[in-house]
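Peer 1: curious how this folds, go ahead:
(2 chains)
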Amino acid sequence: MSRTVSTTSPPAPVAKQDRTARHRARQKAPGGRSWRDLPLRRLTPWLFLLAPLALLVTFTYVPVGNMIYYSFTDWDGVSPDRSYVGGENYTDVFTRSDMFRVFAVSLYYLAASVVQIAIALYFATVLSFNLRFRNVFKGILFFPYLINGVAIGFVFLYFFQDGGTLDSVLSLVGVHTDHAWLGDPESANTSLAGVSVWRFTGLNFVLFLGAIQSIPGELYEAAQLDGASRWQQFRHIIAPGIRPVLSLSVILAISGSLSVFEIPYIMTGGATGTSTFVIQTVKLAFQFNKTGLASACAVVLLAIILLITWIQRRLVPDERVDIV
Amino acid sequence: MGTRTLSAAMLATAVLTVTTACSGGGTPNPDESAVAPLNPKSASGSITVLTNRTDLVQDGTMKKYAAEFNKTYPKVKVKFEAITDYEGEVKIRMNTENYGDVLLIPGAVSKGDYPKFFAPLGEASTMSSKYLFTGKTEVDGKVYGIGTFGTASGFVYNKAVWKKAGITDWPTTPEEFLADLKTVKDKTGATPYYTNFKDAWPLSGQWTNGVGAVSCNSKALDTLSASDAPWAKGSDLNTLDKLLHDMVDQKLTEKDPSTTNWESSKTLLAKGEVGSMMLGSWAINQMRAAAEDAGTNPDDIGFMPVPAQTNGKFCATLVSDYQQAVNIHSDNKEAARAWIDWFTEESGYSEKEGAVSVLRSAPLPSTLKDYVDNDVKMVERSEDKTAEVNAIDDAAEIGLNKPDYRQKLIDIARGAQDGSLQGYFDELNKRWSEARQNAGS
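Peer 2: As a prediction, the model looks like this:
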């Protein structure tokens, strides 16, 4: 029964504890079961968990359950009637070629996230060493992540406008392009992926920086005494030290690039070949009133992301880091 | 214990899922009409009116209407709820019973479901002689909504710019229209037409509203429900979409469509930097206001019909904007109906907006003076088959009243996406006919 005795559990109210203890002392011989074994005591952690669990269930599991249920119906999103159609929506998702074609757009974002991780890693490493103004640089790098995605969309719309910020800056250095940055699919997707790099580098950067700073300082000192160069320090101390965070970043990058939504939705609305799987799903649900089919799309996306995460975990197991 | 609690939580989840899925509550009587009270002084209750006009609620205009309304109905309290994303939000709220007492019918609700959501307002036979557009909400001989106002189809244009280019007469064919735009471009340097590609909605219903104007046929949209090739040569959709394609193809539109901006486009038109835009007559007042703000002459804003003539006459379709309806779950149906009647007949809302009143007895607004002077034939668009057309449209995922397919048309025209105009029309026709067969079965 020692299982429930935990030093991390919060103590029960003192008054109650006294009373129960006295009560118990009267009834039972000394040395018997303590108050800790009472049902209430065992229940306490669950009572504390009640609020977060209720929130979790209400706002995560019930909606997901509903979504899975809708995906087996032909609901239009408003009508009080809906009929069960079995796996028809799923057959649709997997047999319509146009459904998966949009994943090609995700490749742009995947390529961008490689760049993003590289940039973030570079700056995290550089700024983990003692550098003048390093806190300022940290702030500058992390700042974009704090801005609301919708605001970023609007800012960059002006940025890419004909004669907008990008064109003015380029003309300052003597480059006069007459290029419509969001005008054709290739250029538009590259531009949008660039915005996504700008926005999310800060997050990767902070993750990497935190991991790097948790590496004990003596290691660097020892390495320096042994005459290791900065590159050698990175290769043999930092890189192995941040492997779990790096693999997390890769998972986030892959699932992120499959489910891109905000930036292209605000900036182009999915026009000119910039539609992603999520934009397509939203349009199915809210433009064409195919809530059933859209739910099936969402379930499929969820499954794909879970699958990729699982494969990734199998390929790169999360071993304990042991560099000390 | 851990497993047991987990399974209990999962059971709770399942139960909740099932109960939310089956929500619906009691069934109100669908035959109970919302009738205006006989004695205005005795009508009482508090009603909530849902509206998409956030601007009018914020600047207090709606409050003024409510105060006017209270002069006739002193005991009715009117509250407004302005919703920015009206379509999206109200559609979701309609899964509950709490969607106001008076609301604008969201486009997503299919016509057949109207009797489940709204109280009937009267018999179609009597109401259609008083109001325009009753066909839009008529289900089994009963009308479920009354339009807020109507709008006429056509191009908003800057008269001064067109005059500067030496054009005074309205073009009568799409070819002539294109030639005129070219003249505007060459002689004035203005962008002859602005697509509003980025904001996208000006490519949706605004263009589709022209269906019926080209052929001067009030049932043009209805016929699509029986058509296997809506984009066949000579059809309304073919003419309109080809015109849009050709304008972009001949570089008569703005240089970079991907970064257009609706708000600034109003100023551009007012200042004469843009020649024309396909919008409804509702836009005339907004453009005139923009002209005043920009310090140019509001009278330069003109309105011209779709460039096509039937028997030597121009035609313009009259289309209903949102329709007001009474929530079937409302506790104050009398007061709600009183509001709708008052708002439609007494408030002066449509005159103020420069829009067409839904009352048959009311004259056309001053904004449409050009149409009246030039004897443009007004065609009230029939909505008899709208439900069928929408069902096919959704099934085909084309979106006649959505911007996506015309955005792709523009992309094809300017070479940003592969394809040809005819190839795209063929594809649209194929999707439409396939969807029609599936939706019909």
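Peer 1: which stretches in the stretch 51-200 of chain B count as strands?
Peer 2: Applying DSSP state E, counting those that start in this stretch to the stretch 51-200 of chain B gives strands spanning B:76-82, B:102-104, B:118-119, B:122-123, B:138-139, B:142-143, B:146-147, B:150-158, B:191-193.
Peer 1: so which strand or helix has the residue nearest to the spatial centre of chain A?
Peer 2: For chain A, the residue sitting closest to the mean C-alpha position, by Cα atoms, centre = their mean, is residue A:252 at 5.4 Å. Using DSSP states H and E, residue A:252 falls within helix A:243-258.
Peer 1: hang on, the earlier thing: rebuild the strands of the stretch 51-200 of chain B as JSON lines, extending it with distance to chain A.
Peer 2: Where you see a C-beta, it was placed from the backbone N, CA and C, and this is true even at glycine. Shown next, in JSON lines, are the strands of the stretch 51-200 of chain B (distance: least, Cβ to the nearest Cβ, whole Å):
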{"stretch": "strand B:76-82", "distance to chain A": "19"}
{"stretch": "strand B:102-104", "distance to chain A": "13"}
{"stretch": "strand B:118-119", "distance to chain A": "12"}
{"stretch": "strand B:122-123", "distance to chain A": "24"}
{"stretch": "strand B:138-139", "distance to chain A": "14"}
{"stretch": "strand B:142-143", "distance to chain A": "18"}
{"stretch": "strand B:146-147", "distance to chain A": "20"}
{"stretch": "strand B:150-158", "distance to chain A": "21"}
{"stretch": "strand B:191-193", "distance to chain A": "12"}
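Peer 1: looking at the ones you listed, which is nearest to residue A:85?
Peer 2: In terms of Cβ to Cβ, the element of those nearest to residue A:85 is strand B:138-139, at 25.1 Å.
Peer 1: who does that closest one pair up with?
Peer 2: strand B:142-143 (antiparallel) (DSSP bridges).
Peer 1: quick check: buried residues in the longest helix anywhere in chain A?
Peer 2: Longest helix in chain A by number of residues (criterion: DSSP state H): helix A:185-213. Going by neighbour count (16 or more other Cβ atoms under 10 Å in any protein chain shown), the buried part of helix A:185-213 is A:185, A:187-189, A:191-209, A:211-212.
Peer 1: one step back: quick one: the residue nearest to the centre of chain A from residue A:146, how far?
Peer 2: 18 Å (Cβ to Cβ, to the nearest Å).
Peer 1: tell me what angle the longest helix of chain A forms with helix A:243-258.
Peer 2: 160 degrees (axes from the mean of the first three to the mean of the last three Cα atoms, to 10 degrees).
Peer 1: any chance of TSV for the strands of the stretch 51-200 of chain B, columns mean neighbour count and mean pLDDT?
Peer 2: Below are those laid out as TSV (neighbours: other Cβ atoms under 10 Å in any protein chain shown; pLDDT from 0 to 100):
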stretch	mean neighbour count	mean pLDDT
strand B:76-82	18	93
strand B:102-104	26	95
strand B:118-119	27	94
strand B:122-123	17	92
strand B:138-139	19	90
strand B:142-143	24	93
strand B:146-147	28	94
strand B:150-158	27	94
strand B:191-193	25	95
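Peer 1: and of those, who's closest to residue B:299?
Peer 2: Smallest distance to residue B:299 across those (Cβ to Cβ): 10.8 Å, for strand B:150-158.
Peer 1: point out where chain A drops to low pLDDT.
Peer 2: A:1-37, A:318-324 (pLDDT under 70).
Peer 1: so what's residue A:105 up against?
Peer 2: Neighbouring residues of residue A:105 by Cβ atoms under 8 Å, 6 or more residues apart in numbering or on different chains: A:189, A:260, A:273, A:274, A:275, A:276.
Peer 1: farthest pair within those residues?
Peer 2: So, these by Cβ to Cβ: farthest apart are A:260 and A:273, at 13.6 Å.
Peer 1: these two: which has the busier surroundings?
Peer 2: More neighbours surround residue A:260 than the other of residue A:260 and residue A:273, with 24 against 20 (other Cβ atoms under 10 Å in any protein chain shown).
Peer 1: need the contact list for the more buried one.
Peer 2: So residue A:260 contacts A:105, A:106, A:109, A:196, A:276, A:278 (Cβ under 8 Å, 6+ apart).
Peer 1: worst-scoring helix or strand of chain B, pLDDT-wise?
Peer 2: helix B:2-21 (a mean of 43; mean pLDDT, DSSP states H and E).
Peer 1: can you list contacts of the helix or strand hosting residue B:389?
Peer 2: In the assignment (DSSP H and E), residue B:389 maps to helix B:386-396. Contact partners of helix B:386-396, identified using Cβ under 8 Å, 6+ apart, comprise A:76, A:288-290, B:110-112, B:136, B:221-222, B:224-225, B:399-401, B:431-432, B:434-436, B:438-439.
Peer 1: now with 6 Å, please.
Peer 2: A:288, A:289, B:111, B:224, B:225, B:400, B:431, B:432, B:435, B:436, B:438, B:439 (Cβ atoms under 6 Å, 6 or more residues apart in numbering or on different chains).
Peer 1: and the helix or strand that that helix is followed by with helix A:185-213, angle?
Peer 2: Where DSSP H and E defines the elements, the next helix or strand beyond helix B:386-396 is helix B:404-413. For helix B:404-413 against helix A:185-213, the angle by the same axes, to 10 degrees is 110 degrees.
Peer 1: what parts of the stretch 201-324 of chain A come near chain B?
Peer 2: A:269, A:271, A:272, A:287, A:288, A:289 (Cβ under 6 Å from any Cβ of the partner chain).
Peer 1: can you do 8 Å?
Peer 2: A:268-273, A:283-284, A:286-290 (Cβ under 8 Å from any Cβ of the partner chain).
Peer 1: quick one: those as JSON lines, columns for secondary structure too.
Peer 2: Output for those, formatted as JSON lines (DSSP: H, G, I helix; E, B strand; the rest coil):
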{"residue": "A:268", "secondary structure": "coil"}
{"residue": "A:269", "secondary structure": "coil"}
{"residue": "A:270", "secondary structure": "coil"}
{"residue": "A:271", "secondary structure": "coil"}
{"residue": "A:272", "secondary structure": "coil"}
{"residue": "A:273", "secondary structure": "coil"}
{"residue": "A:283", "secondary structure": "helix"}
{"residue": "A:284", "secondary structure": "helix"}
{"residue": "A:286", "secondary structure": "helix"}
{"residue": "A:287", "secondary structure": "coil"}
{"residue": "A:288", "secondary structure": "coil"}
{"residue": "A:289", "secondary structure": "coil"}
{"residue": "A:290", "secondary structure": "coil"}
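Peer 1: nearest to residue B:230, of those residues?
Peer 2: Among those, and counting by Cβ to Cβ, the member closest to residue B:230 is residue A:288, at 16.8 Å.
Peer 1: what is the mean pLDDT for stretch B:339-348?
Peer 2: For stretch B:339-348, the mean per-residue pLDDT is 92.
Peer 1: what residues does it touch?
Peer 2: Contacts for stretch B:339-348 (Cβ under 8 Å, 6+ apart): B:36, B:47, B:49, B:65, B:68-69, B:72-73, B:76, B:78, B:102, B:121, B:131, B:146-148, B:324, B:326, B:349, B:358-359.
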